[in-house]
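K.L.:
Here is the input, now give the coordinates:
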Amino acid sequence: MKSLKKKIMMPVILVVTIGLLSLSLMGYVFSKKIIIKHVEKITEEKVEKLVVNVENKFEQWKEKVELISELHPVKNLDFNALSKFVEDNSKFFREYEIVFISDLEGNYKATNGAVGNICDREYFHKTIQGQTVIAEPVISKSTGNPIIIVSVPIKNNDGKIIGLLGATVNLSVIKDILNDEKFGNYGYAYMFDSRGVTVSHPDKNSSLNDTNKDFKDIISRMTKGEEGTAYYTYYGEKKLVSFKPVKSIGWSIGMSANYHEMTKSIELLKKFDLLSSISIIILIAVLLYFLTNICVKPINKLKEYMEVAAKGDLTVQSDIKSNDEIGVLSNRFNTLIKENKRLIEEAHEYDKLKTEFFSNISHELKTPLNIIFSTMQLMTVHSNNGQLDSNKLNKHISLVNQNSYRLLRLVNNLIDITKIDSGFKNLNLKNKNIVEVVENITLSTVEYVKSKSREIIFDTEIEEKIMAFDLEQMERIILNLISNAVKFTNPNDKIEVNIYDKKESILISVKDTGIGISEDKQKKIFERFRQVDPLYIRRNEGSGIGLSLVKSLVEMHGGNVCVKSKYGEGTEFIIELPVKLVSKEEDESSIEDFVPQCNVEKIHIEFSDIYS
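P.N.:
Residues are numbered from 1 along each chain as shown. Modelled structure (predicted):
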């Protein structure tokens, strides 16, 4: 058998090893994701900034050229005057290589003295159609440099297009703007026009014709005007790029970052975490060895106590006193022993209650059946002897009816208790006058109560209180309480049914001057299948279900029921129900309304266990 020390150490070391390594791995993966997300966000912000800067620069160029096109010499196609104006305002035109004027035939003159024809240029045809154009990069016919051309139509005073004014910007200006943004040591920005031609890139050969498939796909997306973030491998280096279009001209800018550069720190962290985890595991193993030596002694002692308890001796108690987990375990052991003793006692009590329940139910079923069977035997004897007159017949029928009602009441109560326990019992709430309903229920019992030589009185603080309640179940609650009051009162005693308004709630009191309930038995009366008096000495019949059912029905209404009683002086049951209303649709959902008058048959059912 393995020692307790090894059993403690091995799982702990294994768990710690797995935990630390898992934690390190999770930390690495999580940190890597955070860093990559952060880098992606930075590249997105940088490319957004570049797009804004380029957009602003293009707008400035367009505004300047449009402004010049409105000059009088330009409207007259006076090239000499324009050339002098450009020379006099060289600071204003420092970003332009040349400025030129072209007629409608494409013949142009430039401020650097160059002349030629541009009718083969796409921007020429768009401009003389009335558009302000920033052309795709081309090789200048006059300087031979890669340039961007900004051209606007020239209109005379009548608004007729008579030529175009153009200005060229060297691509190096765009490159300078892009080179202002860097990412780390190896990250850079680049730009492609709508044809996939490189406007700016460290590798001048990069274009849609690039043989690198991943990079070619990214350029294709850029030329389509898409924006986003992607990964690609460029000459063996994994890279991240965020790209966004310059919408005014249809070009696109990308901002790249070297993947290995941005994850270099996290790779170092991974190695450090691994070495740290191994060191911590070794340290924990050493400490655990000494700690288990300290822990094993009291644990072995506690084990001996458990072995004694396992043999059935529940008088054993642990004397281990400490402020650590062993002390807690010792206390829990003592608590467990006490709890087991309590559970055994409760099991005995439950067996006793179960026996009492079956005894009560057997009695409740057997008594009415015996009476019905005996009555039928008497009726048979009297019939055979010719002595069955109408008085005897009515008396026997009355006994059969009463005990049939008693059986029906018992079955109904058992069914309702089962429905409530299983959650299938639902209330049919309606907005009604609770005062009128309770009063009608009470008054409907007057004749029956009077026949038992008792007096019943109804009184109320208010005449009307509209609230939501189940009328049929309210009838059962009130009848059950009045039935109890009749059973446990003597002739000439008084029963009072009162209603009190508490604004937010309603109190319904059923009070009698009967025999009362002793204080030690008041807590038991709402327990299911409980009888305050033993079966063989009690003075009235009953299954012990009625008051439990009353309590359940009241609680389904959101209320509560309590009892006040003094032995020999009387008992008062008080029901408190919250005042609430249901919606108009729910209130009108029933097919027929409740008739505020108790059915005589229901009284017979609820009062069936009261014998004369």
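
K.L.:
biggest helix in the chain by residues?
P.N.:
helix 4-69 (DSSP state H).

K.L.:
I'd like the average pLDDT over that helix.
P.N.:
What helix 4-69 shows for mean pLDDT is 83.

K.L.:
can you check stretch 92-104 too?
P.N.:
If you average the pLDDT over stretch 92-104, you get 89.

K.L.:
what about that stretch, start to end distance?
P.N.:
With C-alpha to C-alpha, to the nearest Å as the measure, stretch 92-104 spans 27 Å from end to end.

K.L.:
List the strands paired with the host helix or strand of residue 508, with their directions.
P.N.:
Under the criterion of DSSP states H and E, residue 508 resides in strand 505-512. Here strand 505-512 is paired, per DSSP bridges, with strand 494-501 (antiparallel), strand 570-578 (antiparallel).

K.L.:
so which of these gets nearest residue 521?
P.N.:
strand 570-578 (11.2 Å; C-beta to C-beta). Quick note: C-beta positions are derived from backbone N, CA and C, even for glycine.

K.L.:
Can you give the contact residues for that closest one?
P.N.:
Contacting residues not belonging to strand 570-578 are listed as 434, 467, 469, 477, 481, 484-485, 488, 493, 502, 504-514, 516-517, 554, 557-565 [C-beta atoms under 8 Å, 6 or more residues apart in numbering].

K.L.:
Those residues, buried ones only, as a PyMOL selection?
P.N.:
Buried members of the contacts of strand 570-578, defined by 16 or more other C-beta atoms under 10 Å, are picked up in PyMOL with:
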select buried, resi 434+467+469+477+481+484+485+488+493+505+506+508+509+510+511+512+513+514+516+517+554+557+559+561+565
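
K.L.:
Do you know the pLDDT at residue 519?
P.N.:
On pLDDT, residue 519 comes in at 84.

K.L.:
how many neighbours does it have?
P.N.:
10 (other C-beta atoms under 10 Å).

K.L.:
Tell me the spacing between it and residue 575.
P.N.:
21 Å (C-beta to C-beta, to the nearest Å).

K.L.:
what's the answer for residue 101, then?
P.N.:
Residue 101 sits 102 Å away from residue 575, going by C-beta to C-beta.

K.L.:
So for the two, which residue has more residues nearby?
P.N.:
Neighbour totals were compared for residue 101 and residue 575, and residue 575 leads with 25 against 22 (other C-beta under 10 Å).

K.L.:
Which neighbouring residues are in contact with the closest residue to the more buried one other than its chain neighbours, exactly?
P.N.:
Spatial nearest neighbour of residue 575, excluding adjacent residues (C-beta to C-beta, 6 or more residues apart in numbering): residue 508 at 4.3 Å. Shown in contact with residue 508 (C-beta under 8 Å, 6+ apart): 434, 438, 478, 497-499, 574-575, 577.

K.L.:
let's see 7 Å
P.N.:
Residue 508 sits next to 438, 499, 575 when contact means C-beta atoms under 7 Å, 6 or more residues apart in numbering.

K.L.:
Which one of those residues is nearest to residue 344?
P.N.:
Nearest to residue 344 out of the contacts of residue 508 is residue 575 (C-beta to C-beta; 38.0 Å).

K.L.:
Can you list the low-confidence ranges for the stretch 101-250 of the chain?
P.N.:
Applying pLDDT under 70 to the stretch 101-250 of the chain picks out residues 204-211.

K.L.:
the helices in it, which residues?
P.N.:
Applying DSSP state H, counting those that start in this stretch to the stretch 101-250 of the chain gives helices spanning 122-127, 171-179, 213-223.

K.L.:
how about CSV for those, with distance to residue 14 and mean neighbour count added?
P.N.:
As requested, the helices of the stretch 101-250 of the chain are exported to CSV (distance: least, C-beta to C-beta, whole Å; neighbours: other C-beta atoms under 10 Å):
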stretch, distance to residue 14, mean neighbour count
helix 122-127, 73, 18
helix 171-179, 55, 16
helix 213-223, 43, 19
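
K.L.:
Out of these, flag the one nearest residue 234.
P.N.:
That would be helix 213-223 among the helices of the stretch 101-250 of the chain, by C-beta to C-beta, at 5.7 Å.
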